[in-house]
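K.L.:
predicted model and sequence follow; I will ask about them next.
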Amino acid sequence: MLLHQLRSGFLLLLLFTFLTGVLYPLAVTGIAQLVFPAKANGSLITMSGKVVGSDLIGQQFSAPGYFWSRLSSTAPGAYNAGASTGSNLGPLNPALLDAAQKRVQALREADPGNQRPVPADLVTSSGSGLDPHISVAAALYQLPRVARVRGMRTDDVRALLEESTEGRFAGILGEPRVNVLRLNLALDAHKEGGR
């Protein structure tokens with residue numbers, strides 16, 4: 001009796017391991033590849049046949065001629081997708097205030113004439129530490145610096161920013177946002193196109 005139950009249990013383990021560990025993932029992967037292959041493969045962004053990033057994972061930009069991303073708590077000074085995490089620093093933690101003050105100082109040094117208040121998303125990290133977006137306010141804050149450093153008209157940079165702005169999901173959920181990598185690639189393409 002016990003041997004029969006063990007054999008039945010072992011056969012069920014093998015069956016469900018195959019169904020849920022092999023067959024189901026293959027079916028889901030196959031359907032995803034057929035229905036939305038770009039998203040199933042990581043929403044990769046390619047330029048001239050070379051992968052330069054993903055729509056889903058932020059990258060660090062620190063040159064003054066580029067729009068800067070949010071801070072990342074995944075690794076000092078870098079976006080590390082293998083270490084996705086928030087900082088877990090509470091509002092009373094001195095380390096959070098210190099990091100925000102350092103970022104404000106870096107922003108002020110990069111654009112000394114800009115005395116407007118710094119948007120919060122430029123001095124804090126997202127929950128995942130990998131957010132590829134900044135708010136429209138954060139992009140507008142950086143616009144004068146980017147235009148000046150690149151020698152572009154502010155209106156031209158603003159037009160690229162508006163083209164790169166993503167609206168609310170389904171028109172009602174979330175806030176308009178800017179994918180930093182896409183905006184910076186548009187800036188580089190504008191320069192190369194001689195516009």
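P.N.:
Done, it's in. Residues are numbered from 1 along each chain as shown.
K.L.:
count the residues that sit near residue 28.
P.N.:
11 (other C-beta atoms under 10 Å). Every residue, glycine included, has its C-beta placed from N, CA and C.
K.L.:
tell me the spacing between it and residue 103.
P.N.:
Counting by C-beta to C-beta, to the nearest Å, the separation of residue 28 from residue 103 is 40 Å.
K.L.:
now do the helices in this structure.
P.N.:
2-18, 24-35, 37-40, 94-110, 136-150, 154-164, 180-192 (DSSP state H).
K.L.:
would you tell me which of the ones you listed gets closest to residue 60?
P.N.:
The closest of those to residue 60 is helix 180-192. By C-beta to C-beta, the value is 9.5 Å.
K.L.:
quick one: average confidence on the closest one?
P.N.:
Per-residue pLDDT values across helix 180-192 average out to 87.
K.L.:
mind listing what's buried in it?
P.N.:
180-187, 190 (16 or more other C-beta atoms under 10 Å).
K.L.:
specify which member of those is nearest to residue 72.
P.N.:
Residue 72 lies nearest to residue 180 out of those, by C-beta to C-beta, at 11.7 Å.
K.L.:
show me the domain layout of this protein.
P.N.:
Domain assignment for the chain, taken from automatic domain parsing, gives 1-41, 43-192.
K.L.:
go through those domains and pick out the most buried.
P.N.:
Ranked by mean neighbour count, the domains of the chain are led by domain 43-192 with a mean of 16 (mean count of other C-beta atoms under 10 Å).
K.L.:
middle-most residue in this protein, spatially?
P.N.:
residue 132 (1.6 Å; C-alpha atoms, centre = their mean).
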